[in-house]
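Peer 1: Sequence and predicted structure are below.
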Amino acid sequence: MYKYEGLLVFQSHDDEGIIEIVETMGVRSLHFGTSARQSSMLINNPDFLHSMYARAMMGWMLFKDAPGEVLMIGLGGGSLAKYMLHQFDDCKIKVIEYRRSVVKIARSHFDLPLDPRLKIIIGDGGHFIRQRSLTHRGQYGLLMIDAFDHKGMADSVSGEAFFDDCKALLKEDGILAINLWGTDKPLFQQVSWQLGKIFDWRVLYLPVRGRGNIIGFAFNPGIAKISIKNLRDRADLLQQRFELEFPFFVHDLKRNNTSLFSRVVKS
């Protein structure tokens, strides 16, 4: 059976709806009952970070050498967690995923490894962050939020109180990276205002080329300003090492953050 311009190889249901896996030209994709890809993987190179939005989520590397302890809200096919485990030997990752069936799919169809550095908790990401912020302030070097379902961004992972708790969970040099949907302009404007207010406008937005996603990066004050020259030099080195489009990321960050860029990068 063909669906979303590809071969439907798996379909199941849980209490939250449909889960589908579609293969097209060597790419395996996760869908939640709509044509929008939740995650994707090259079947012959499962450790390669295929999705453009996931590649852009790694833009935090322009400002921080290593992730340290990582908290992720939303698993999907597990491509980000898998990539981080593959690239950073010392990182420890905790993922909060609402749907147990999604975790099973990530294991069975997207090569998410059983790794002692990876812990997955089934639960609501917003509730977890609220509770964790009471007892584990300053724990994480990196917080990545990618919490979409078939309807859009999950309601529990936005709001000033939520982002204030996120900020509290981050180390002084911690970074929050969040996947936003730019075509929903009212929601994007609302979330970007909330992020800016909580993080003292130390925020940057990276539109994903050819996609509707916009990746937001919010910085705790311990992230020192970097000069634009050093940022570009760093982008070149990172591109050589990781084969991701870091020079494009720098160009697009500068072009799309005219009023915010100087709060993070020195001219």
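Peer 2: Perfect, I can see it now.
Peer 1: who's in contact with stretch 194-205?
Peer 2: Around stretch 194-205, the neighbours that count as contacts under C-beta atoms under 8 Å, 6 or more residues apart in numbering are 158-160, 163-164, 166-167, 176, 178, 180, 192, 214-221, 223, 253, 256-257, 260-261, 263-264. Using the backbone N, CA and C atoms, a C-beta is placed for each residue, glycine as well.
Peer 1: Buried ones from those, can you make that a ChimeraX selection?
Peer 2: Typed into ChimeraX, the line below selects the buried ones among those, using 16 or more other C-beta atoms under 10 Å:
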select :158,163,164,166,167,176,178,180,192,214,215,216,217,218,219,220,223,253,257,260,261,263,264
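Peer 1: Sort out for me which of the contacts of stretch 194-205 are in helices.
Peer 2: Using DSSP state H, 160, 163, 164, 166, 167, 192, 253, 256 are the members of those that sit in helices.
Peer 1: quick one: the fourth one from residue 217, how far?
Peer 2: Read that as residue 166. 12 Å (C-beta to C-beta, to the nearest Å).
Peer 1: what do the two both touch?
Peer 2: residue 176.
Peer 1: these two touch, right, residue 88 and residue 65?
Peer 2: No - the pair residue 88 / residue 65 is not scored as a contact, 10.0 Å apart, by C-beta atoms under 8 Å.
Peer 1: any weak-confidence spans in the chain?
Peer 2: Flagging of the chain using pLDDT under 70 yields the residue ranges 148-154.
Peer 1: Tell me where it has helices.
Peer 2: 52-57, 79-87, 100-109, 125-132, 160-169, 185-198, 228-242, 246-256.
Peer 1: how deep is residue 1 tucked in, by neighbour count?
Peer 2: 7 (other C-beta atoms under 10 Å).
Peer 1: Touching, it and residue 8? I think so.
Peer 2: Yes - under the criterion of C-beta under 8 Å, residue 1 makes contact with residue 8 at 4.6 Å.
Peer 1: quick one: residue 205 from residue 256, how far?
Peer 2: Relative to residue 256, and taking C-beta to C-beta, residue 205 is found at 6 Å.
Peer 1: repeat for residue 219
Peer 2: Counting by C-beta to C-beta - residue 219 and residue 256 are separated by 16 Å.
Peer 1: swap in residue 35?
Peer 2: According to C-beta to C-beta, residue 35 stands 26 Å off from residue 256.
Peer 1: before we move on, what about residue 156?
Peer 2: 27 Å.
Peer 1: Over to residue 83?
Peer 2: Taking C-beta to C-beta, one finds residue 83 at 24 Å from residue 256.
Peer 1: coming back round to it: out of the ones in helices among the contacts of stretch 194-205, which comes closest to residue 77?
Peer 2: Checking those against residue 77 with C-beta to C-beta, the nearest one is residue 166 at 23.4 Å.
Peer 1: got a list of what the closest one touches?
Peer 2: 129, 133, 143, 145, 176, 198, 218.
Peer 1: Count the neighbours of residue 92 for me.
Peer 2: The local packing of residue 92 (other C-beta under 10 Å) involves 19 other residues.
Peer 1: One more: residue 143?
Peer 2: The tally of other residues near residue 143 (other C-beta under 10 Å) stands at 24.
Peer 1: Could I get the contacting residues of it?
Peer 2: By C-beta under 8 Å, 6+ apart, the contact list for residue 143 reads 70, 71, 72, 73, 166, 169, 170, 174, 175, 176, 177.
Peer 1: The third one contacts residue 93, correct?
Peer 2: Okay, so that is residue 72. Yes - here residue 72 lies in contact with residue 93, judged by C-beta under 8 Å, at a distance of 6.3 Å.
Peer 1: overlap in contacts of the two?
Peer 2: By C-beta under 8 Å, 6+ apart, the residues touching both residue 72 and residue 93 are residue 81.
Peer 1: what's in contact with stretch 252-267?
Peer 2: With C-beta under 8 Å, 6+ apart, stretch 252-267 has contacts from 59, 62-63, 196, 201-207, 209, 219, 223, 225-228, 231.
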